[in-house]
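Engineer: sequence-free structure coming up:
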């Protein structure tokens, strides 16, 4: 690879990274450029850690098959014991992290890695050598687990890579790494805001809606739920059971809301505030009922498992309401919350609290019933008029018949 070809490839990758190309596109373009410049790459691997509540990182594979093939997979935690951690500690990547090396050349018959899965695959595909490059970040450039980037290239050339080819890959890998890091940081930002703010609020924040006081007036279905007997249960439970208890029930509720198209805006102890929106308000009501059905089914299954393990169980109290709210940024110049505010939000929480007195697990307002489609109204049954704390007039409340069976 001549200096002009190397400079052109570096320029192409830099421009693609600035334009927002994906990791797969960047790796494909890099490998294609290297091939065009005479570097006989047969396979490439990128190993990129991330900051995610579930996954530790991503691995990207490129192969020179016709057409060139790229695969992507996520990998879980490698520090929690078991087969995954054992395999990681035996890998050449782990060796480089521990030794401080930034370049490792591995002959395909190297005895130290004879049992390594990737080395076996490379050998079966006719490769002769594997070169692994490690680019480390300093403390200021580290985000969570994203503290370095591995790039590995193999070749079928007899005798392996030439010294000149290795030198060129070593010079160009940081260009690819910088572009990949830019994409990874964008993904991390999206993951963090959606994890902590919710999907729709997260998207809005990343689109630039971060000024205090910027809100939209919207009409939405409001979901407010909490757990029966939460204070009593957590007061009696061992401290190390409280967080798993909350996580179990929160997972059942949040996953059901999100699968039905809702957005969870806030977790307040055992309480969950969510909204459902749609061009037709009736469709949002239908989505909320669908989420309720799924959530209660999951809670029933969860209670069976927890009972079998002799762990405390509970039920969900849910209030559903429809109203106009302000949706956006509320707070100070330096600490904002993206949420919904307005009397309708307070009313939804009061309806949920009334479940205890009404001895129902679900209560919906008359406004919710009025907004629902006729088919959905068939499952909504009046339980009488109730005075809600802080609400001027008593109102008729309804329950969902299937929820009470």
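Structural biologist: Happy to help now that I have it. None of the values given here were measured: they were computed from a predicted structure.

Engineer: tell me where the chain has strands.
Structural biologist: Taking DSSP state E as the criterion, the chain contains strands spanning 41-49, 57-63, 69-75, 103-107, 129-136, 148-155, 215-227, 263-268, 271-276, 316-331, 336-341, 362-365, 380-386, 395-400.

Engineer: buried residues in the second one?
Structural biologist: Residues 57, 58, 60, 61, 62, 63 are the ones in strand 57-63 that count as buried (16 or more other Cβ atoms under 10 Å). The way it works is simple: take the backbone N, C-alpha and C, and place the C-beta from them, glycine included.

Engineer: which one of the strands of the chain has the poorest average confidence?
Structural biologist: Looking over those, mean pLDDT reaches its minimum on strand 69-75, with a mean of 87.

Engineer: which non-adjacent residue is nearest the spatially most central residue of the chain?
Structural biologist: When the chain is reduced to its mean C-alpha position, the nearest residue by Cα atoms, centre = their mean turns out to be residue 191, at 5.2 Å. In space, and not counting its chain neighbours, residue 191 is closest to residue 52: 5.5 Å by Cβ to Cβ, 6 or more residues apart in numbering.

Engineer: and that neighbour, backbone torsions?
Structural biologist: With angles defined as degrees, to the nearest 10, residue 52 shows backbone torsions of phi -150, psi 140.

Engineer: any idea how far it is from residue 190?
Structural biologist: Look at residue 52 and residue 190: by Cβ to Cβ, to the nearest Å, they are 10 Å apart.

Engineer: which parts of the worst-scoring helix or strand of the chain on mean pLDDT are buried?
Structural biologist: Lowest mean confidence among the helices and strands of the chain (mean pLDDT, DSSP states H and E): helix 82-89, at a mean of 80. Buried residues in helix 82-89, counted by 16+ other Cβ under 10 Å: residue 88.

Engineer: now it and strand 69-75, what's the angle there?
Structural biologist: 120 degrees (axes from the mean of the first three to the mean of the last three Cα atoms, to 10 degrees).

Engineer: need the residues that contact helix 82-89.
Structural biologist: Contacts of helix 82-89 from elsewhere in the structure, counted by Cβ atoms under 8 Å, 6 or more residues apart in numbering, are 75, 76, 77, 78, 79, 94, 117.

Engineer: same check on stretch 279-289?
Structural biologist: Under the criterion Cβ under 8 Å, 6+ apart, external residues in contact with stretch 279-289 comprise 219-221, 223, 260-262, 276-278, 320, 322, 368, 371-373, 376, 379, 400.

Engineer: can I see the domain layout of this protein?
Structural biologist: In the domain annotation for the chain, the residue ranges read 3-196, 211-404 (automatic domain parsing).

Engineer: adding distance to residue 204, write the ones you listed out as JSON lines.
Structural biologist: As requested, those are arranged in JSON lines below (distance: least, Cβ to Cβ, whole Å):
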{"stretch": "domain 3-196", "distance to residue 204": "9"}
{"stretch": "domain 211-404", "distance to residue 204": "7"}
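
Engineer: between those domains, which one is closest to residue 205.
Structural biologist: Residue 205 sits nearest to domain 3-196 of all the domains of the chain, at 5.2 Å, using Cβ to Cβ.

Engineer: any idea how far the closest one is from the chain center?
Structural biologist: Domain 3-196 sits 22 Å away from the centroid of its parent chain (Cα atoms, centre = their mean, to the nearest Å).
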